Every structure is written in structure tokens, then in C-alpha cells.
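Colleague: Sequence and predicted model, in that order:
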Amino acid sequence: MATHPLIRRAGRLLGAAALAMTAALAGAAPAHADFGTDYHDPLTAAKPLTRPDTRSCTVEVMHDQPFSNGYGSPPDTPYAATLTPPEACAGPWSAVVFDLHGQVAGRQFDRLFTVRLGGVEMLLSSTPEPSADGIEWNVERDVTRYAPLLGGPLPFALDLANVTDATYTGVFRISASFTFYTTSERWPAARTADRLLTTGPFELTQAAPAAERRLSFPQNLESLTAEVYARGGGACEEFAYASAPDEFVKNNPGTDACGKGPFRELRLTLDGRAAGAVWPYPVIYTGGWDPLLWRPTPGIFAFDLPAYRIDLTPYVGLLLDGRPHTLGIALNAAENQSNDLWTGQVNLFAEVDHGSARTTGRLTEHRVAPEAAVTTRLTDHGGGSGDWQTTASRHDLARGWVQTSHGRITTEVRDDLAFGAGQQLRDSGNDLTLHNRTDLTRTTATWGAGPYRSRTVHEGEPLDVTYRVTHDAAGATDQQTAMDLGYHREDIACTAGRVTTRSTVDHTLRPTAHRRDGAGPVRTGGSSEDYRSTGPDGPYHRSITTLDGWPTGDGR
């Protein structure tokens with residue numbers, strides 16, 4: 001029986017190393033024969049990658065590699081190999097794509113895993129939960145932006161810490177490859193950064209809510225973008241979006257509820273100065289809440305967790321003195337840090353001025369809050385019942401210029417971020433209603449050495465949950481769960497006031513699950529998923545409906 005995320009998970013496996021939370025047991029119950037011994041392979045309505053039609057070369061880095069015991073002696077993770085770019089498809093490339101194929105059968109929890117190339121994290125993902133007869137799944141990821149690493153052979157590592165025993169029998173078998181696409185007139189060489197830097201893995205806990213790394217930057221640096229991989233782990237932080245305020249937890253110890261409230265923020269700093277913030281998407285894995293919700297359609301981003309991007313170009317002028325500088329990442333302190341653990345990695349994409357050996361610059365305006373403004377209103381009804389509303393906001397601006405060989409370029413970054421959560425808990429956690437909304441608007445503008453250019457990205461991230469558990473006179477349990485997840489994005493680029501490109505994504509997923517024990521048991525689940533997008537490739541639309549593990553509409 002799955003337990004909702006306000007109740008602490010029992011029996012979850014915690015590792016000891018920096019990234020051992022990738023082995024945490026995500027969700028309260030592993031897969032079993034709720035729909036019989038078989039159900040459809042995972043499928044999604046999301047748009048597949050658009051790949052160049054040029055000549056390509058594929059390099060396999062692992063083939064049918066088993067992952068069964070991440071804590072053995074020795075452990076079977078991480079798997080290590082070497083990626084050598086193919087001479088027959090030498091760079092520069094129009095695209096580089098990473099493909100992963102997995103299969104698993106039996107009974108198993110969902111597991112988190114990471115993929116790194118040259119020590120740089122390039123994929124954070126999770127596995128599906130299997131049927132007894134077995135399932136297969138695929139992940140594809142555009143990794144073109146990591147091409148600056150590919151000047152020669154590089155270490156490749158996939159870290160998937162699984163556990164098997166007499167009960168949990170599922171062994172993950174993974175194959176992975178990179179495909180290098182050559183160029184053509186239609187598919188020119190992709191524009192990428194000149195250098196990549198990384199912090200390496202970090203972990204943030206209540207005892208140590210911040211981490212930092214000293215890095216040296218090119219003295220002819222022109223622009224800088226951060227990419228943040230982050231995920232909450234443990235019995236509470238995986239479900240941070242459903243956490244109760246600390247005051248409610250203190251006053252209602254019988255609920256064993258997770259505290260710290262539903263808002264989380266990870267802040268980047270440069271030499272101690274606030275430089276940007278990440279508000280993580282509420283990713284739900286295939287064991288979350290009730291595994292029946294996710295068979296066969298996984299939650300949004302469950303197999304390809306977001307890499308959050310922050311433009312740090314206004315700060316370039318502070319980094320050109322040839323000395324190491326400190327990049328830090330920290331959790332918001334509004335609710336006394338977090339419950340368990342946040343892990344991840346920060347990558348930095350640096351572009352340099354090829355026309356000079358040294359640039360100069362200055363940060364001219366800095367209005368970035370040390371942390372988001374957070375408010376919480378709580379109505380505690382006692383006896384494990386309460387209502388709370390939490391809001392958070394940011395309105396940040398950073399502006400700076402860099403003097404380059406092709407002129408002085410000014411960059412301004414504005415962030416307008418808003419979060420709102422309204423949650424209602426009754427019956428000591430057996431009756432929960434959750435309505436969360438996140439709206440993120442980030443605008444980057446540049447001028448000098450050319451016309452005024454701007455790019456505005458707006459993201460909307462709604463999440464609604466209803467969860468009910470009742471018990472009849474005979475002691476039978478009836479559990480019903482319904483969700484409404486969404487991801488909506490609009491990306492507009494303008495030059496001299498005219499729109500040059502516009503793309504949109506509207507992705508919604510509505511899964512439901514019902515399970516009843518006792519006389520007349522019930523095990524049923526279904527979902528409806530809709531994905532629409534527009535952009536340079538043209539419009540795309542697909543809808544999928546499923547029932548009891550199988551597609552009922554457009555299951556191609």
C-alpha cells in the first residue's frame with residue numbers, strides 16, 4: 001500500500017557517499033502485479049528530439065550492463081568506460097545525441113541515476129518500476145552543448161545504485177550510446193560554449209546547507225551561463241512541494257508530517273554575492289504517491305530531470321583578474337533549511353573573446369535578493385487537520401558590461417518569479433488537497449556591438465493533488481489519488497524590437513489511481529496526457545490516454 005508523501009517513508013535506503021541519494025527508494029511501494037504480470041512499456045506524448053538528416057556515427061559506451069547491487073563489495077556502480085569521438089564523423093557537429101535503453105523485470109523500486117562525461121553531469125534521470133514480465137524504456141537527450149569537452153577520449157560514468165534480494169528482484173540492464181551528426185548547409189555546426197567548468201557533485205543538508213567551489217575563469221571571458229542539476233532526496237525532500245509548515249508539524253506530532261513548508265529555492269552566489277536562484281520543478285517519480293498513477297505514463301520530467309539555467313554574464317567583469325573565484329550554492333533558509341538532502345552539480349558554460357587575450361568589465365547594477373520573500377499563513381484545526389497558504393516571490397535585476405574586441409556589450413538579466421501553494425490536510429493526513437502554482441519569467445537583454453537583443457522565457461508549473469484514504473467497518477482500506485501536472489513554456493527572442501523566434505510548449509498530465517482492499521478489491525489506474533508545441537520545426541501535437549497499464553488512445 002502506498003503512503004502519501006506527508007507521512008515519512010519507512011524502510012527507505014540511504015547511502016553514505018556524496019551522491020548516494022541516487023539509491024534512495026523513491027516512492028512508498030515497489031511495483032507488483034497490480035495489473036497482472038504485464039503492462040505496457042513506458043510511453044509519453046512528449047515530442048521526440050528532432051535529429052539532423054546528415055551522416056552520423058554512433059559510439060556505444062555500454063551494452064546490456066546489469067545494475068543489481070550498488071552497495072555490494074565491490075559495488076556494481078558507477079559503471080565506467082571511455083568515450084572516444086569517432087574519426088569518421090569528426091567535429092564540429094550539428095548535433096550530438098545521447099541514447100539510453102533500459103530493461104527490467106520482476107519487482108523493484110524506482111531508482112535515481114546520473115550520467116557524467118569528463119566529470120560533467122549531463123543527465124539526471126530515474127527508472128520506471130517493472131512488471132513481473134518486464135518492461136523496456138528509452139531516454140534520448142540532446143547533449144550538443146557539451147561538445148567542448150569532446151576534444152579527445154573522455155571518461156564516461158553511469159551511476160545507478162540498485163538493491164536486489166529475495167523480494168526485490170528487478171535488475172536494471174542498461175545500454176547507452178552517443179550519436180555524432182555531421183554538418184550540412186541545412187544543418188550547420190551547432191554554436192556551443194568555448195569551455196566548460198564544473199563544481200563537481202554537491203550535497204546540501206540541514207547541517208551543511210551550502211557548498212562552494214573555487215574556479216578559475218578565462219581572462220578573455222565574454223559570457224557565462226550556469227546549468228544547475230538538483231534534486232531533493234530522502235523521505236521528505238523528494239516530496240518537498242507537499243510539506244507542511246514547521247508550526248503545524250510541531251503542534252501535530254501524531255501525523256509524522258514532513259516540515260519546512262512547500263517552497264524550496266537553491267541560490268547561486270559568486271564570491272558570496274547572490275547571483276541567481278533555481279526553483280526546482282516538482283518532479284514525481286514512478287513510485288511517487290501511488291505507483292498505479294504512472295503505469296505506463298511517467299510523470300513530467302521523471303526520466304529527464306531539468307537542468308536549470310542561469311545567465312551570469314552581468315558578473316563577468318568581476319571574474320577577469322586571473323584569480324580563483326568562489327561559486328556557491330545554498331538552500332533557502334526561510335524554513336530553517338530542508339529536511340533531508342539535496343544533491344546535484346553546477347556546470348558553467350564560458351564563451352571567450354577570440355579577438356583578444358583579455359577582456360575587461362564591470363557589474364553596474366545589482367538588485368538580487370539574498371533569498372526569496374516567503375510568507376506562510378496557517379490555520380491549525382488540531383487533531384492532524386490544517387490549512388496553509390505559502391507564497392514566495394523574487395524580482396531581481398543584474399546589469400554589467402564587458403569590453404571586447406568587437407565593442408562594449410552590456411547584458412541585463414531580470415527575473416520575476418512567483419510561487420503560491422494552498423494546501424488542506426484532514427484526518428491526520430488521510431485527506432489531502434494540494435494546489436501549487438509556479439510562474440517564472442526570465443528576461444536577458446544585450447546591447448552594444450549590434451542591435452538591441454532580448455530573450456524572454458516564461459514557464460508555468462501547476463500541480464494539483466487530491467488524496468483520500470478511508471476505512472470501513474471491516475477494516476478494509478480505500479485509497480483514491482488524482483493529480484494534474486503541467487509544464488508550460490513560451491520562449492521569445494527579439495532583435496531591434498522585432499520577434500525573430502518564438503516557441504511554446506504546453507504539456508499536461510492527469511493520472512488517477514484507485515485501490516481498495518478487503519471484499520471486492522480494486523486495483524485500477526489511468527491517465528490522459530496532452531503535449532503541444534510550436535517552434536522552428538513546426539507545430540507538434542500528441543495526446544495519449546491509458547487505462548490499467550495499457551494505452552487506449554494514440555498508443556503509437
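Modeller: Nice, thanks for sending it over.
Colleague: and the lowest-mean-pLDDT helix or strand in the chain, which residues are buried?
Modeller: The least trusted helix or strand in the chain, going by mean pLDDT, DSSP states H and E, turns out to be helix 234-237, with a mean of 88. Of all the residues in helix 234-237, those buried under the rule 16 or more other Cβ atoms under 10 Å are 234-237. From N, CA and C alone the C-beta is placed, and that goes for glycine too.
Colleague: Using CSV, write out every CA atom in the lengthiest helix in the chain.
Modeller: Criterion DSSP state H: the longest helix present in the chain is helix 246-251. Extracted in CSV, the C-alpha atoms of helix 246-251 (Å, rounded to 0.1, in the frame of the first residue of the first chain):
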residue,chain,number,x,y,z
ASP,A,246,7.1,23.7,10.9
GLU,A,247,4.5,25.1,13.3
PHE,A,248,1.9,22.6,12.1
VAL,A,249,4.3,19.7,12.4
LYS,A,250,5.3,20.8,15.9
ASN,A,251,1.6,21.0,17.0
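Colleague: For it, name the packing helices and strands.
Modeller: Counting by 3 or more Cβ pairs under 8 Å, 6 or more residues apart in numbering; DSSP states H and E, the packing neighbours recorded for helix 246-251 are strand 373-382.
Colleague: which neighbours does the strand it packs on have in its sheet, and in what orientation?
Modeller: strand 385-404 (antiparallel) (DSSP bridges).
Colleague: related to what we said a few turns ago, most widely separated two among the buried residues of helix 234-237?
Modeller: 235 and 237 (8.1 Å; Cβ to Cβ).
Colleague: Sketch out the strands for the stretch 1-150 of the chain, chain order is fine.
Modeller: For the stretch 1-150 of the chain, applying DSSP state E, counting those that start in this stretch gives strands covering 56-67, 79-83, 95-104, 112-117, 120-126, 135-142.
Colleague: swap that for the stretch 251-400 of the chain, please
Modeller: Under DSSP E, counting those that start in this stretch, the stretch 251-400 of the chain gives strands at 266-270, 273-278, 308-311, 325-331, 341-352, 360-367, 373-382, 385-404.
Colleague: Check which element follows the longest one along the chain.
Modeller: From strand 385-404 onward toward the C-terminus, using DSSP states H and E, the following helix or strand is strand 407-426.
Colleague: That following strand - contacts with which helices or strands?
Modeller: strand 273-278, strand 385-404, strand 431-447.
Colleague: now stretch 210-227: mean pLDDT?
Modeller: Taken as a whole, stretch 210-227 has an average pLDDT of 97.
Colleague: and it, C-alpha only, in CSV?
Modeller: Extracted in CSV, the C-alpha atoms of stretch 210-227 (Å, rounded to 0.1, in the frame of the first residue of the first chain):
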residue,chain,number,x,y,z
ALA,A,210,25.6,25.4,1.5
ALA,A,211,28.5,24.2,-0.7
GLU,A,212,31.1,26.0,-2.7
ARG,A,213,33.9,25.5,-5.2
ARG,A,214,36.8,27.8,-6.3
LEU,A,215,37.1,28.1,-10.0
SER,A,216,39.4,29.9,-12.4
PHE,A,217,38.0,31.7,-15.4
PRO,A,218,39.5,32.7,-18.8
GLN,A,219,40.8,36.2,-18.8
ASN,A,220,39.1,36.9,-22.1
LEU,A,221,35.7,35.7,-20.8
GLU,A,222,32.8,37.3,-22.7
SER,A,223,29.7,35.5,-21.4
LEU,A,224,28.9,32.9,-18.7
THR,A,225,25.9,30.6,-18.2
ALA,A,226,25.3,28.3,-15.2
GLU,A,227,23.5,25.0,-15.5
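Colleague: Which parts of that stretch count as buried, going by neighbours?
Modeller: For stretch 210-227, by 16+ other Cβ under 10 Å, it's 211, 213, 215, 217-227.
Colleague: Tell me the gap between it and the middle of its chain.
Modeller: 22 Å (Cα atoms, centre = their mean, to the nearest Å).
Colleague: Quick check: bridge partners of residue 464?
Modeller: residue 435, residue 484.
Colleague: Residue 38: what's it in contact with?
Modeller: Going by Cβ atoms under 8 Å, 6 or more residues apart in numbering, residue 38 touches 131-134, 549.
Colleague: filter these to the buried ones?
Modeller: 131-132, 549.
Colleague: Tell me the one among the residues you listed nearest to residue 158.
Modeller: Looking across the buried ones among the contacts of residue 38 and measuring by Cβ to Cβ, the closest to residue 158 is residue 131, at 23.5 Å.
Colleague: pretty sure that closest one is touching residue 41, no?
Modeller: No. Using Cβ atoms under 8 Å, residue 131 is not in contact with residue 41; the gap is 9.4 Å.
Colleague: And for the nearest residue to residue 294 once chain neighbours are set aside, the neighbour number?
Modeller: Using Cβ to Cβ, 6 or more residues apart in numbering and skipping the chain neighbours, the partner closest in space to residue 294 is residue 286 (4.2 Å). Residue 286 has 27 neighbours, counted by other Cβ atoms under 10 Å.
Colleague: same check, this time on residue 44
Modeller: 21.
Colleague: Over to the residue nearest to it when sequence neighbours are not counted: give its phi and psi.
Modeller: Nearest residue to residue 44 in three dimensions, chain neighbours excluded: residue 297, at 6.1 Å (Cβ to Cβ, 6+ apart). The phi/psi pair for residue 297 (degrees, to the nearest 10) reads phi -100, psi 120.
Colleague: Contacts only, for residue 297.
Modeller: Residue 297 touches 42-44, 509, 511, 527, 529, 544, 546, counting by Cβ under 8 Å, 6+ apart.
Colleague: Going through those residues, which ones are buried?
Modeller: Among those, those classed as buried by 16+ other Cβ under 10 Å are 42-44, 509, 511, 527, 529, 544, 546.
Colleague: now this structure, which segments are flagged as low pLDDT?
Modeller: 1-34, 333-339, 554-556 (pLDDT under 70).
Colleague: can you put the strands of the stretch 1-150 of the chain in JSON lines and add mean neighbour count?
Modeller: JSON lines is the format used below for the strands of the stretch 1-150 of the chain (neighbours: other Cβ atoms under 10 Å):
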{"stretch": "strand 56-67", "mean neighbour count": "16"}
{"stretch": "strand 79-83", "mean neighbour count": "16"}
{"stretch": "strand 95-104", "mean neighbour count": "21"}
{"stretch": "strand 112-117", "mean neighbour count": "24"}
{"stretch": "strand 120-126", "mean neighbour count": "23"}
{"stretch": "strand 135-142", "mean neighbour count": "17"}
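Colleague: Quick check: which of those strands is nearest to residue 468?
Modeller: strand 120-126 (26.4 Å).
Colleague: Parallel or antiparallel, which strands does that closest one pair with?
Modeller: Strand 120-126 has these strand partners (DSSP bridges): strand 112-117 (antiparallel).
Colleague: relative orientation of the strand it pairs with and strand 79-83 in degrees?
Modeller: Computed with axes from the mean of the first three to the mean of the last three Cα atoms, to 10 degrees, the direction of strand 112-117 lies at 30 degrees from that of strand 79-83.
Colleague: mind checking how far the least confident helix or strand of the chain is from the chain centre?
Modeller: On Cα atoms, centre = their mean, the centre of helix 234-237 falls 16 Å from the chain's centre.
Colleague: and it, what other elements does it pack with?
Modeller: Applying 3+ Cβ pairs under 8 Å, 6+ apart, one finds that helix 234-237 makes contact with strand 341-352.
Colleague: Look up how far residue 533 lies from residue 542.
Modeller: Residue 542 is 10 Å from residue 533, where distance means Cβ to Cβ, to the nearest Å.
Colleague: so what sits against both of these two?
Modeller: Joint contacts of residue 542 and residue 533 (Cβ under 8 Å, 6+ apart) are residue 47.
Colleague: of the strands of the stretch 1-150 of the chain, which approaches residue 271 most closely?
Modeller: Using Cβ to Cβ, these put strand 120-126 closest to residue 271, at 22.7 Å.
Colleague: Report the angle between that closest one and strand 95-104.
Modeller: Orientation of strand 120-126 against strand 95-104 (the same axes, to 10 degrees) gives an angle of 40 degrees.
Colleague: Using CSV, write down the CA coordinates of strand 120-126.
Modeller: Output in CSV follows, covering the C-alpha atoms of strand 120-126 (Å, rounded to 0.1, in the frame of the first residue of the first chain):
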residue,chain,number,x,y,z
VAL,A,120,30.5,16.9,-16.1
GLU,A,121,26.9,15.9,-15.3
MET,A,122,24.9,15.6,-18.5
LEU,A,123,21.8,13.6,-17.4
LEU,A,124,19.9,13.2,-14.2
SER,A,125,17.2,10.5,-14.5
SER,A,126,15.1,7.9,-12.8
